[in-house]
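J.: One predicted model, sequence on top.
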Amino acid sequence: MTADQPPIAALRVCNSGAELLELVLEPYGSDHWLLPGETFVVWTLEPAGDEILEVEHAPGTVTVHSEVSAYVGDTDGNEIECGHNRPRPAESTGPAALFRLRLP
């Protein structure tokens, strides 16, 4: 996305760990995966109330909740698409290996 104005709010998210870190942007549910040492920026162009962005942390995941339209980009200002660096599911021999129901 190209913007004619600077962001209203920007939040840097850095992965200083040794494993992939999932960044989820809500309310969209978009996922963006940071490699070790990588930094993403969550930003918005719309003014809002005092609490534009809220951050929630869980092991391996950072969730950013936004009151307004928000975007994820790199530190150079390039937008990062949903699914960036998303890990692939484990290799399987068919759909049953990925999803299994316990039947009575």
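T.: Sure, I can see it. Predicted model, so just to flag it, every value in this text is computed and none were measured.

J.: For the rest of this, base every contact and every neighbour count on C-alpha atoms.
T.: Fine.

J.: What score does Glu81 have for pLDDT?
T.: On the pLDDT scale, Glu81 is placed at 94.

J.: How is it classified with respect to secondary structure?
T.: Three-state assignment for Glu81 (DSSP: H, G, I helix; E, B strand; the rest coil): coil.

J.: Just to check, it is in contact with His32?
T.: Yes. Using Cα atoms under 8 Å, Glu81 makes contact with His32 at a distance of 7.3 Å.

J.: Neighbour count for those two, which is higher?
T.: Applying other Cα atoms under 10 Å to Glu81 and His32 shows that His32 carries more neighbours, namely 22 against 13.

J.: hey, what's that one bridged with?
T.: Leu23 (DSSP bridges).

J.: Could you measure from it over to Leu21?
T.: 8 Å (Cα to Cα, to the nearest Å).

J.: cool, and Glu79?
T.: 18 Å.

J.: okay, the two: which has more neighbours?
T.: Neighbours per residue (other Cα under 10 Å) separate Glu79 from Leu21, with Leu21 holding more: 23 against 17.
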